[in-house]
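Colleague: Fold the following for me, if possible:
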Amino acid sequence: MPISEVIRTKRKALEMTQEQVAQRLGVSAPAVNKWEKGSSYPDITLLPALARLLETDVNTLLCFREELSEAEIGRICNDLAETIRSEGLKAGFEMAEKKIREYPNCMKLIYTLNMCLDGSLILYSARETDEELENYQDKIIACYEFVVAHAEEGLTRQGAVYMLAGKYMNLERYDEAEEIIRSLPERPADVRVLQAKLLAKQGRITEASELLEKKVLGDSSELHMTLLKLLELAMDEGREDDARAIARIGRQTAELYSLWGYNSILLPLELAVRKKEVRESLKYIREMLQICRDGSERDMPDPNSPLYRKLSESLQNRVKDMSDAEKEQRRKEYGENLIPTLLRELQTSPSYAFLRQEEEFRKLMQEYSSL
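Modeller: A predicted model of the protein is given here:
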């Protein structure tokens with residue numbers, strides 16, 4: 001419960017009016033009204049007196065002991081994603097910052113919101129200027145740093161460390177990356193199997209299945225990205241035969257675990273680009289853009305896979321009330337947002353410079369720029 005609801009609930013339970021609270025604290029009634037609406041917050045110097053007046057403590061007032069359920073966090077993040085989709089990144093960041101002020105001690109919520117913002121920054125980056133993107137990246141890094149500094153040991157902190165280390169490395173802040181990586185246990189325990197076993201014993205089969213399906217999806221995605229890094233290292237050392245074998249294994253892994261369509265071509269594309277193979281690179285780039293144009297779900301695997309049955313059902317339940325027209329609009333918007341981001345990368349990254357004089361490449365860029 002955010003501080004605004006705590007104040008309102010406690011006040012009403014004591015049968016006090018806003019005017020009475022204002023009089024006791026030496027503030028105006030409109031100020032109390034704003035606190036309860038969440039449009040402003042009490043001055044920090046008033047918190048002890050406010051807590052005593054409402055017969056509570058400052059920790060309760062500031063929600064420091066409050067944790068949110070998985071379902072609550074999921075709903076908040078779904079709302080955030082919808083806000084970003086309809087109103088843009090600025091509105092999304094403002095919404096996330098407001099939620100973080102409401103639940104300043106819920107590290108899982110803060111981390112999950114930041115992950116959503118981080119992913120959306122990729123998806124919608126074509127809408128923003130370089131200066132805006134840099135500002136958003138700074139905010140995302142600061143948020144990961146906050147979670148690393150304040151979260152207890154566990155999956156939330158470990159996830160934030162992974163993400164923050166990657167950010168540091170991209171910025172060539174290698175000493176900071178090394179320092180936080182060393183804070184991780186060598187083999188962090190994953191308690192999800194035990195949690196799923198407990199849920200199953202309690203008869204909560206759907207929850208147990210969803211938990212394990214998320215683990216399979218996360219582990220297989222991590223394996224796939226590990227293979228990509230191995231391919232890059234093999235190419236750096238000139239081991240092209242090994243790189244080609246790893247690319248083949250990567251494609252098989254994506255298909256075996258029913259990962260999203262783009263994953264099946266990620267490693268072969270990287271190999272073709274590293275080897276500067278024009279025909280192969282163009283083939284995979286065209287396939288990648290086609291997948292985006294068709295509007296495949298970005299973070300979901302094959303909905304028909306038995307590995308993700310409950311996750312797929314959960315997704316279907318979220319969209320079952322949408323009309324066919326709304327679903328088609330969402331599909332189109334997905335492609336319209338992701339494709340410009342990919343085109344920017346293809347047209348500016350040094351990795352693809354060898355393709356830019358190719359007539360087929362230019363036609364491909366023109367074809368998708370006009371969508």
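Colleague: per-domain residue ranges of this structure.
Modeller: Domain segmentation of the chain under automatic domain parsing yields 3-61, 70-181, 192-369.
Colleague: now those domains as TSV including mean pLDDT and mean neighbour count?
Modeller: All C-beta atoms are positioned from the backbone trio N, CA, C, and that covers glycine. Below are the domains of the chain laid out as TSV (pLDDT from 0 to 100; neighbours: other C-beta atoms under 10 Å):
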stretch	mean pLDDT	mean neighbour count
domain 3-61	88	15
domain 70-181	90	17
domain 192-369	86	16
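Colleague: And for stretch 347-355, what's in contact with it?
Modeller: Applying C-beta atoms under 8 Å, 6 or more residues apart in numbering, the contact partners of stretch 347-355 are V273, K276, V278, S281, L282, I285, E345, L346, R356, F361, M365.
Colleague: does the third one really touch Q357, like I thought?
Modeller: No - taking C-beta atoms under 8 Å as the contact criterion, V278 and Q357 are not neighbours in contact, 9.7 Å apart.
Colleague: Distance of D219 relative to L231?
Modeller: Using C-beta to C-beta, to the nearest Å, D219 is found at 19 Å from L231.
Colleague: should've said I122
Modeller: 21 Å.
Colleague: How about K310?
Modeller: Counting by C-beta to C-beta, the separation of K310 from L231 is 32 Å.
Colleague: Also M16?
Modeller: Where L231 is concerned, M16 sits at a distance of 66 Å (C-beta to C-beta).
Colleague: which secondary structure elements does the strand or helix carrying E232 contact?
Modeller: In the assignment (DSSP states H and E), E232 maps to helix 205-236. The elements that helix 205-236 packs onto, with contact taken as 3 or more C-beta pairs under 8 Å, 6 or more residues apart in numbering; DSSP states H and E, are helix 192-201, helix 240-256, helix 263-274, helix 309-319.
Colleague: export those helices to CSV and tack on distance to F93?
Modeller: Listed next are the helices and strands packed on helix 205-236 as CSV, based on distance: least, C-beta to C-beta, whole Å:
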stretch, distance to F93
helix 192-201, 30
helix 240-256, 32
helix 263-274, 28
helix 309-319, 23
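Colleague: hang on, isn't S264 packed against S258?
Modeller: No - counting by C-beta under 8 Å, S264 stays clear of S258, with 9.9 Å between them.
Colleague: Overlap of the contact sets of those two?
Modeller: Here S264 and S258 have no joint contacts, going by C-beta under 8 Å, 6+ apart.
Colleague: and of the helices and strands packed on helix 205-236, who's closest to E207?
Modeller: Ranking the helices and strands packed on helix 205-236 by proximity to E207 (C-beta to C-beta) places helix 192-201 first, at 4.9 Å.
Colleague: Residues contacting the closest one, please?
Modeller: Under the criterion C-beta under 8 Å, 6+ apart, residues I205, E207, A208, S209, L211, L212, K214, K215 lie in contact with helix 192-201.
Colleague: Which residues are in contact with E145?
Modeller: Contacts for E145 were tallied using C-beta under 8 Å, 6+ apart; they are L164.
Colleague: which SSE is it in?
Modeller: helix 130-150.
Colleague: Beyond that helix, next helix or strand please.
Modeller: Going down the chain from helix 130-150, the next helix or strand is helix 155-170, by DSSP H and E.
Colleague: packing partners for that next one?
Modeller: For helix 155-170, the packing partners by 3+ C-beta pairs under 8 Å, 6+ apart are helix 107-123, helix 130-150, helix 174-181.
Colleague: can you put the ones you listed in a markdown table and add distance to R85?
Modeller: Formatted as a markdown table, these follow (distance: least, C-beta to C-beta, whole Å):
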| stretch | distance to R85 |
| --- | --- |
| helix 107-123 | 8 |
| helix 130-150 | 16 |
| helix 174-181 | 32 |
